[in-house]
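Undergrad: got a sequence here, can you model it:
(one chain, ligands or ions: 2)
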Amino acid sequence: MPEQTFLMIKPDGVKRKLVGDILIRLEKKGLKIAAMKMLQITKELAELHYNEHRGKEFYEELIEFITSGPVVAIVLEGEGIVKIIRNFAGKTNPKEADCGTIRGDYAFDITQNVIHTSDSISSAQREIINFFKKSEILSNTEG
Ligand SMILES: Nc1ncnc2c1ncn2[C@@H]1O[C@H](COP(=O)(O)OP(=O)(O)OP(=O)(O)O)[C@@H](O)[C@H]1O
Ligand SMILES: [Mg+2]
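TA: Ligands and ions are numbered 1, 2, ... in the order given. Now for the predicted structure:
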């Protein structure tokens, strides 16, 4: 199976109408989108997705924010895609995110930071299963 990663445009990115811009950047880089859908995350899914952060001081705010409006969930695939998409997002703290990255260019807040990206191949596999059925992922197709 090709390497896959999970990218999610968070509620602030959708509200601020940055979806098109983000998709243009992904497509212009020539990356393969294997799955994509818009959804409103339930509290249960949010808790599953952010399980590693349970108990941290920002956890409640994070769950409230990620369930506050629609998100766009995307699976990308290709060699080295996890690292490529981490670089595309930029550092978590927007003050440290380089210009040219999504957070560097569009985010000023550590919670409302426009996109989520998987931090490793194993995280990606776990996160993708939470959001997509196998039949929704169009691997091994043109495009
Ligand atoms: N110190 C913090 N204060 C407030 N919110 C934070 C803090 N650290 C992380 N967060 C929030 O929790 C999310 C998950 O944190 P994580 O450490 O996984 O960062 P990340 O991997 O860069 O971001 P993401 O998982 O959303 O791609 C961050 O995107 C941010 O919204
Ligand atoms: Mg993370």
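
Undergrad: and residue 41, helix, strand or coil?
TA: Following DSSP: H, G, I helix; E, B strand; the rest coil, residue 41 is assigned to coil.

Undergrad: repeat for residue 12
TA: Going by three-state DSSP: residue 12 is helix.

Undergrad: which parts of the chain sit against ligand 1?
TA: 53, 58, 62, 92, 110, 111, 113, 116, 117, 119 (C-beta under 6 Å from any ligand atom). Bear in mind the C-beta positions are built from the backbone N, C-alpha and C, glycine included.

Undergrad: pull out the buried members of these.
TA: 62, 113, 116, 117, 119 (16 or more other C-beta atoms under 10 Å).

Undergrad: mind listing the helices for this structure?
TA: Counting by DSSP state H, the segments of the chain that form helices are 11-15, 19-28, 43-49, 59-66, 81-89, 102-106, 121-131.

Undergrad: contacting residues around the longest one?
TA: Here helix 121-131 makes contact (C-beta atoms under 8 Å, 6 or more residues apart in numbering) with 3-6, 8, 35, 37, 39, 45, 48-49, 73, 75, 82, 118, 137.

Undergrad: so where is this protein shaky, pLDDT-wise?
TA: 140, 143 (pLDDT under 70).

Undergrad: tell me which residues of stretch 32-52 are tucked away?
TA: 32, 34, 35, 36, 41, 46, 47, 49, 50.

Undergrad: in JSON lines, list the helices of the chain along with distance to residue 142.
TA: Listed next are these as JSON lines, based on distance: least, C-beta to C-beta, whole Å:
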{"stretch": "helix 11-15", "distance to residue 142": "28"}
{"stretch": "helix 19-28", "distance to residue 142": "14"}
{"stretch": "helix 43-49", "distance to residue 142": "30"}
{"stretch": "helix 59-66", "distance to residue 142": "33"}
{"stretch": "helix 81-89", "distance to residue 142": "17"}
{"stretch": "helix 102-106", "distance to residue 142": "26"}
{"stretch": "helix 121-131", "distance to residue 142": "21"}
